[in-house]
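> Provided below for reference: sequence and predicted model.
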Amino acid sequence: MSALKARVTNDMKLAMKAKDKAALKAVRMILGAIKQREVDERIELDDAQVLTVIQKMVKQRKDSISQFKDAGRTDLVDVEEAELVIINNYMPAQLSEEEVSVAVDKAIADSGASSMQDMGKLMGLLKSQLDGKADMGVISGLIRSKLS
């Protein structure tokens, strides 16, 4: 069992003992998503794969929050934001915009990228370096602004 999955399982037990329904619900959703992927692929996930599942959940929550805000459903926004806070506890520390900008500049210099045609190459380089530490949408926007 990966260390991250073990941490999530332990947090579920702690939430049960503390009778914290909100935390328990969020942690169970994480474990459910992890187990679903393990069953679908017939493998046991390592930490990197568990992190990918958690990143997907964070992205889903952010999308839901924006859609609920547009629809004026503040009750659902509050629920999603509470889940997002709990899910973010399992994400690695996020890089600041300045750190991401420096990494993008370095990747552009290292790869010799000069136009938007090199965007795919840059995204591949940066995904391996910054995966989980920065939002790939932000990285994409930075690359677009620097190459155009």
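Good, I have the coordinates. Residues are numbered from 1 along each chain as shown.
> number of nearby residues for Gly112?
For Gly112, the count of nearby residues is 8 (other Cβ atoms under 10 Å). Where you see a C-beta, it was placed from the backbone N, CA and C, and this is true even at glycine.
> For it, give me its contacts.
Shown in contact with Gly112 (Cβ atoms under 8 Å, 6 or more residues apart in numbering): Asp118.
> So what does it have for phi and psi?
The phi/psi pair for Gly112 (degrees, to the nearest 10) reads phi 70, psi 20.
> Quick check: Gly72 vs Val53, distance?
Taking Cβ to Cβ, to the nearest Å as the measure, Gly72 falls 31 Å from Val53.
> Please disregard the earlier target; I meant Ile43.
Plainly put, Ile43 is 12 Å away from Val53 if you go by Cβ to Cβ.
> okay, these two: which has more neighbours?
Between Ile43 and Val53, counted using other Cβ under 10 Å, Val53 has the larger neighbour count: 20 against 10.
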